[in-house]
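A.B. asks: sequence and predicted structure are below.
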Amino acid sequence: MRAGLRTTVFVIASLAVAGMLLNRVAAPAWSAAREKQPALKLDSSMTAAGQGVTLALLGGFRALVADAAWMRMFARWEARDLPGVETLIHVVSAIDPRPAYFWMNGARIVAYDLPVWRIEAAGGFEAVTKPVQERIRREQAQQALRHIEAAMAFHPASADLWIERGSIELNKLGDLAAAAESFRRAWEQPHAPFYAARLHGELLRRQGKKTEALAWLIQLHPLQPPDPEEPKADVVLARIRALERDLGVPPARAFQPAR
Amino acid sequence: MSANVSSKLSAAVPAVEIRGLVKDFSSGLRGLKLRAVDHLTLRVEAGQVYGLLGPNGSGKSTTIKALLGLLEPTAGECAIFGVPSGRVEARREVGYLPESPYFYRHLSGRELVRFYARMCGMGGATLESRIDEVLALVGLTAAADRRVGTYSKGMLQRIGLAQALVHDPRLLILDEPTAGVDPLGTAAITELILQLKARGKTVLITSHLLGQIEDVCDRVAILDRGKLILEGAVSDLVGRADRQALVVEALPENELAELRAWLAARGRKLETVETPRTRLDRIFLERVGKKDA
Amino acid sequence: MNTVPFSLRRALLIAQNTLLEAARQKLLLFFLLLALGLVVGARWLRDFSFGAPELKFLADCGFGAMAFFGAALAIAATAQLFFSEIENRTALTLLAKPVWRAEFILGKFLGVVAVAAFFCALLTLLLMAVLRWREGELMREFPEAFAQGGVVSYGMVALGGLLQWLKLAVLVALSLLVASFAQTQLFTIVTGFFVFVICHLQYLAQDAYTRAGSWFAQNVGGGLASVFPNFQLFALADSLNAADAPPTAHVVRVALYAAGYCAVACALAVYCFRKREI
Ligand SMILES: Nc1ncnc2c1ncn2[C@@H]1O[C@H](COP(=O)(O)OP(=O)(O)O)[C@@H](O)[C@H]1O
Ligand SMILES: [Mg+2]
């Protein structure tokens, strides 16, 4: 028995020493792997542990299981089962946080569909007072924004998530300043669509910040990609001219496009 | 000259030497030890056929496993041709047939023998012919390409012999080779042992059927509960020099009385009169043997 | 005196016999069919299709099958092929030959690792075929999404398969270490499974101890955590995009990491097995 104990201690100690040395060998590869897999980078230990367990138990099957859960979510959605849909949206993203698709569509359902269901469940748009409707809409929008916030931990450089965030801030909260900021952040991400930048300028204008809007559009103009439908059209220049008119910029100091 | 010296040396070295072997097994109950072998000392000279006898559980298999380095002895030491059993070298000149052997079921008989032959370092052109030879020797040529999983008990015993013999070892250790084998198979094994002895091999054989291997052994040791209780040459142990047996054609009662009187006149006594009986296995062997021939 | 040196040839013979046994026992076949079914079936598991991400989904399923069934195969095959020798007493005959116990352990390791290699290679090839076929279909369906040609880097798929195999090799070595002292096959399988899960969580413990700050926690705790290898490391190539390819130096480091754990675990298995009563 004592020999058994000695062997056990020897085995564990050898593995520990070897492991410490081997960890050094693998360290650069590990930090790179971690950089690429945001699920491994999470700081909040509960989420990290949860992700670790799902990774361990499901591994690559995460995709499959998340997919199955997403299908079930759709079934619940058709049945207008609000708690079911809410739960499954979170379950899907917890199982496989990698596809931005799940996060974005989940946020959309929370922000756009669920308030309608809640109001209808409370008696319909006729019966529910405007302030209550407004409160429900805000609550759902807030919840959707939290979902997108969580998504950004996994997709820190996703333009789509910032655009989705800006759209909810704009359409559901009417918060022009916040939405303008979100579209600007979207434009800073790699592979961002040009309309995010244009929307930022447009929202500056709608906030009354016409000087800032003009400056923004002027520095944006050279980056404008040609419209595949109408290659001649120059939407940004048209906007610039309109702002120059509103601000009373003299023609001499008007913006001169490079080409 | 050096070859001469080494051959003289190896003649002096016993094939098997066991000194003060003790093996305790700790049974599941706490602290309780079971002594399977108790201070056993044995010596098997090269060229002998040596029988290790004893009832079931007397420690024969344990002794052999310790000798082959498959078990760590609690105390004492074992050596094969002078090499301590703990070393891999000790097993180079040994062929071993375990008790009720069971082999890789997924291999055919030929593949199995080839595998063990190659494990013994054999290879090259002679390998296949040697495999055929041992398969023929144990009478498995016809079944050589069948899966071992389909073999009967007797066939397993024979393929076990083939793998033990394939590298032509100097020492052959057979653990209960006749257990569960029919009389025909037993006779074949006996025959094989005698052949090996004729070729100068050493054979260590165990059995719980004491009578069965009496005929082939030069020396025997009898174990009981791990202890050696008797050891010696078979002829010394079973022969009785002060007795003789006469076999005559059936005598009528009056002639038997005359014989008694004749003996009495010389101061001798007729101890027993019985009808000699042949052994059943001998009848079996005669009948089956004839049919086969 | 004539010595019998350690022989790689004998270890390879044992490995070959182990591989043959696995092949003829249909153990491999069972897991292979299961995994193959999944890889091919994955195409029909997803009802909604959104172009290129679907290919990633297919690859995820393929690697999922490789990781999951591969782990089950690695643990079960190690336990089964090791204990069949002990329980059927074939080890008795084998080790009564001039064979080192280290050769026996190494042979078993190489044999099961070869089984795992066969498994990973076959699944990787099949996954490549499925991806290629589906990629072609999608390219015809959504030509604008594939304007720059194919999106699947088959080099990344091959690298993914290789990393899966390295991970399985470490798992085999650890299972063999457990088997070398375990009394039963069931114990080996259950322990092997727990080891598999712990290895995926190892990085969390490592992080916690690194953050802890005290010397004691960092070295003693960190040391205990590194008893188990970090299996998340083998997710180095979790992408189909050639741009995400890890540098060769990193792949080499991961391979060394795996080889290091295999060597240490096998050496310890020999240590535990050295005096085992057969
Ligand atoms: N591995 C083991 N663990 C515990 N007891 C054992 C073990 N092997 C043998 N024994 C015991 O040792 C004794 C001798 O067994 P064995 O050598 O097999 O006897 P034999 O071969 O003479 O029939 C028996 O009582 C047996 O129960
Ligand atoms: Mg016995």
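C.D. replies: Looks like it arrived, so ask away. Numbers count the residues shown, from 1 in each chain, chains lettered A, B, ... in the order given. Ligands and ions are numbered 1, 2, ... in the order given.

A.B. asks: count of neighbours near the nearest residue to C:P247 once chain neighbours are set aside?
C.D. replies: Spatial nearest neighbour of C:P247, excluding adjacent residues (C-beta to C-beta, 6 or more residues apart in numbering or on different chains): A:A32 at 7.8 Å. Glycine gets a C-beta too; all of them are placed from N, C-alpha and C. Neighbourhood size, A:A32 [other C-beta atoms under 10 Å in any protein chain shown]: 16.

A.B. asks: now A:R72
C.D. replies: Neighbours of A:R72 (other C-beta under 10 Å): 15.

A.B. asks: that one: which element?
C.D. replies: helix A:62-78 (DSSP states H and E).

A.B. asks: ok now the helix or strand following that helix, how far from the chain's centre?
C.D. replies: From helix A:62-78 onward toward the C-terminus, using DSSP H and E, the following helix or strand is helix A:82-95. In terms of C-alpha atoms, centre = their mean, to the nearest Å, the centre of helix A:82-95 is set 17 Å apart from its chain centre.

A.B. asks: who's in contact with helix A:82-95?
C.D. replies: By C-beta atoms under 8 Å, 6 or more residues apart in numbering or on different chains, the residues outside helix A:82-95 that reach it are A:50-51, A:54, A:58, A:62, A:65-66, A:69-70, A:72-73, A:76-77, A:102-103, A:106, A:109-110, A:114, A:117-118, A:121, A:147, A:150-151.

A.B. asks: cool, and stretch C:92-103?
C.D. replies: B:65, B:68-70, B:88-89, B:91-92, B:94, B:96, B:98, B:101, B:103, B:116, B:119-121, B:160, B:163, C:4, C:6-7, C:10-11, C:14, C:85, C:104, C:270, C:273-274, C:278.

A.B. asks: any bit of stretch B:164-175 sitting next to ligand 2?
C.D. replies: No - contact of stretch B:164-175 with ligand 2 (C-beta under 5 Å from the ion) is absent, the minimum separation being 6.0 Å.

A.B. asks: gap between the two ends of that stretch?
C.D. replies: 12 Å (C-alpha to C-alpha, to the nearest Å).

A.B. asks: pLDDT on it, on average?
C.D. replies: In this model, stretch B:164-175 has a mean pLDDT of 93.

A.B. asks: pull out the buried positions in that stretch.
C.D. replies: Across stretch B:164-175, burial judged by 16 or more other C-beta atoms under 10 Å in any protein chain shown covers B:A164, B:L165, B:V166, B:H167, B:P169, B:R170, B:L171, B:L172, B:I173, B:L174, B:D175.

A.B. asks: ok, now stretch A:202-214?
C.D. replies: A:E202, A:L203, A:L204, A:R205, A:K209, A:K210, A:A213, A:L214.

A.B. asks: coming back round to it: mind giving me the PyMOL command for buried ones among the contacts of helix A:82-95?
C.D. replies: The PyMOL command for the buried members of the contacts of helix A:82-95 (criterion: 16+ other C-beta under 10 Å) is given here:
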select buried, chain A and resi 51+54+58+62+65+66+69+70+73+76+77+102+103+106+109+110+114+117+118+147+150+151
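
A.B. asks: gap between the helix or strand containing B:V113 and the chain center?
C.D. replies: Per DSSP H and E: B:V113 is located in helix B:109-119. In terms of C-alpha atoms, centre = their mean, the gap separating the centre of helix B:109-119 from the centre of its chain is 23 Å.

A.B. asks: and chain C, is that helix touching that?
C.D. replies: Yes - Helix B:109-119 is in contact with chain C by C-beta under 8 Å from any C-beta of the partner chain, via B:F115, B:Y116, B:R118, B:M119.

A.B. asks: now for those, which pair is the farthest apart?
C.D. replies: B:Y116 and B:R118 (7.4 Å; C-beta to C-beta).

A.B. asks: compare those two and say which is more crowded by neighbours.
C.D. replies: B:Y116 (26 against 19).

A.B. asks: contact partners for that one?
C.D. replies: By C-beta under 8 Å, 6+ apart, the neighbours of B:Y116 are B:Q163, B:V166, B:H167, C:T93, C:L94, C:K97.

A.B. asks: what sits against the residue in the stretch 151-278 of chain C that ligand 2 sits nearest to?
C.D. replies: Here the residue of the stretch 151-278 of chain C nearest ligand 2 is C:I278; by C-beta to the ion that distance is 14.2 Å. Contact analysis of C:I278 by C-beta under 8 Å, 6+ apart lists B:K65, B:L70, B:L71, C:I86, C:R89, C:A91, C:L92, C:L95.

A.B. asks: what's the neighbour count on the closest residue to C:I278 other than its chain neighbours?
C.D. replies: Nearest residue to C:I278 in three dimensions, chain neighbours excluded: B:L70, at 4.4 Å (C-beta to C-beta, 6+ apart). Residues lying near B:L70 (other C-beta under 10 Å) number 22.

A.B. asks: and for A:H200?
C.D. replies: A:H200: 25 neighbours (other C-beta under 10 Å).

A.B. asks: which ones are touching it?
C.D. replies: By C-beta under 8 Å, 6+ apart, A:H200 lies in contact with A:A180, A:F183, A:R184, A:W187, A:W216.

A.B. asks: which of the residues you listed ranks first by neighbour count?
C.D. replies: The most crowded member of these, judged by other C-beta under 10 Å, is A:F183 (28 neighbours).

A.B. asks: just checking, that residue is part of a helix?
C.D. replies: Yes - under DSSP: H, G, I helix; E, B strand; the rest coil, A:F183 falls within a helix.

A.B. asks: I'd like the next helix or strand past the lengthiest helix in chain B.
C.D. replies: Taking DSSP state H as the criterion, chain B has its longest helix at helix B:183-198. Sequence order places strand B:202-207 as the next helix or strand after helix B:183-198, per DSSP H and E.

A.B. asks: tell me what that next one is packed against?
C.D. replies: Contacts defined by 3 or more C-beta pairs under 8 Å, 6 or more residues apart in numbering or on different chains; DSSP states H and E place strand B:202-207 against strand B:49-53, helix B:60-67, strand B:171-175, helix B:183-198.

A.B. asks: can you tell me which residues contact the spatially closest residue to C:F181 that is not a sequence neighbour?
C.D. replies: Distances taken as C-beta to C-beta, 6+ apart put C:C272 closest to C:F181, at 4.4 Å, once the chain neighbours are dropped. By C-beta under 8 Å, 6+ apart, the contact list for C:C272 reads A:T7, A:V11, C:L177, C:S180, C:F181.

A.B. asks: let me know the closest of these to ligand 1.
C.D. replies: C:F181 (15.3 Å; C-beta to the nearest ligand atom).

A.B. asks: just give me the neighbour total for that closest one.
C.D. replies: By other C-beta under 10 Å, neighbour count at C:F181 equals 18.

A.B. asks: and what of B:V234?
C.D. replies: Neighbour tally, B:V234, other C-beta under 10 Å: 17.

A.B. asks: run through the bridge partners of the residue in chain B positioned nearest to chain A.
C.D. replies: Going by C-beta to the nearest C-beta, chain A is nearest to B:S26 of chain B, at 8.5 Å. As for beta bridges, B:S26 partners with B:K33 under DSSP bridges.

A.B. asks: ok, it to B:L32 distance?
C.D. replies: From B:S26 across to B:L32, the span is 7 Å (C-beta to C-beta, to the nearest Å).

A.B. asks: give me the beta-bridge partners of the residue nearest the centre of chain B?
C.D. replies: Nearest residue to the geometric centre of chain B (C-alpha atoms, centre = their mean): B:I205, 2.3 Å. Beta bridges link B:I205 to B:G51, B:L174, judged by DSSP bridges.
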